[in-house]
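Peer 1: quick one, what's the 3D model for this:
(one chain, ligands or ions: 1)
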Amino acid sequence: MRKNIVAANWKMNLDRVQAISLVDEIISNISIKPSTQVILAPSYLYLYKVSKKCNDIENIFVAAQNCSSEDNGAFTGEVSVNMIKSCNADYVIIGHSERRDKFNESNNELEIKVKKALDTGLKVIFCCGESLEQRNQEVHFKWIENQISESLFTLSKKQIRNVVIAYEPIWAIGTGVTATAKQAQEMHFFIREILLARYDKDISDNISILYGGSCNPTNARELFSQQDIDGGLVGGASLSADNFLAITNSF
Ligand code: 13P
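Peer 2: Here you go, the predicted model:
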């Protein structure tokens, strides 16, 4: 059975004191069902501290928000998968639309990042999503298929099992406009179909596919009740412990 997952993407928010106080509030109030995993993705700067705090709590994990496609060397300001792993992180988010759009990350570069992360023993939350223009032009299914096939489909069956996919339509991120449960379910079903075509039923049935984009305590339950939606990747609403905890309890 695939896991339900709620992941908090804090993006470039919270100073050190605020981040630690948020993690403290979350871990002192959380009660996680055995079938659910909670993942916190703070800034790199607080990864180690947050992972130490979450260490003893079952089913709570820590993710970096990005990683370098290089191993080490003269890449000022970059952070390697080994550095992330050495901070006790479990996951890394790769291919967020903000990285693709603002930092020009291509499907090919993301493929390199995914492989490096998996080789280091990190799990991957791989993001995909279309723009409003692409949806209006009805090319969104093809776009998502390209993003996934170009970055993930050279992975072996063993490797792909350590990938979680997050479908985040760009038009729903930070806008307050959520995809309807029907729109999200339709895309998640499509993603499962392309996984089935490339791999096999066991893999397509067992990969968790998360929805992201203005997910909040009011819409989470309806989204998560869809057959192919296994949880959420949450931005804005994850910056409040109350809102985030309500979303983790929405299964
Ligand atoms: P919001 O929940 O703020 O729309 O952000 C979603 C997101 O980008 C998570 O990665």
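Peer 1: mind showing which ranges of the stretch 51-200 of the chain have poor pLDDT?
Peer 2: Along the stretch 51-200 of the chain, the model assigns pLDDT under 70 to no residue.
Peer 1: please enumerate the helices of it.
Peer 2: 81-86, 97-102, 107-120, 132-136, 140-152, 157-160, 181-198 (DSSP state H, counting those that start in this stretch).
Peer 1: so which of these comes closest to the ligand?
Peer 2: If you check each of the helices of the stretch 51-200 of the chain against the ligand by CB to the nearest ligand atom, helix 97-102 wins as the nearest, at 6.9 Å. Just so you know, the C-beta spots here come from the backbone N, C-alpha and C atoms, and that holds for glycine as well.
Peer 1: would you mind giving the helices of the stretch 51-200 of the chain as a markdown table with mean neighbour count and distance to the ligand added?
Peer 2: Formatted as a markdown table, these follow (neighbours: other CB atoms under 10 Å; distance: least, CB to the nearest ligand atom, whole Å):
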| stretch | mean neighbour count | distance to the ligand |
| --- | --- | --- |
| helix 81-86 | 19 | 17 |
| helix 97-102 | 16 | 7 |
| helix 107-120 | 19 | 15 |
| helix 132-136 | 15 | 14 |
| helix 140-152 | 19 | 15 |
| helix 157-160 | 14 | 21 |
| helix 181-198 | 17 | 13 |
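Peer 1: now those as a markdown table including distance to Ser21?
Peer 2: Below are those laid out as a markdown table (distance: least, CB to CB, whole Å):
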| stretch | distance to Ser21 |
| --- | --- |
| helix 81-86 | 23 |
| helix 97-102 | 25 |
| helix 107-120 | 29 |
| helix 132-136 | 36 |
| helix 140-152 | 36 |
| helix 157-160 | 37 |
| helix 181-198 | 32 |
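Peer 1: residue numbers of this structure in contact with the ligand?
Peer 2: For the chain, the residues in contact with the ligand (CB under 6 Å from any ligand atom) are 9, 96, 168, 173-174, 212-215, 233-237.
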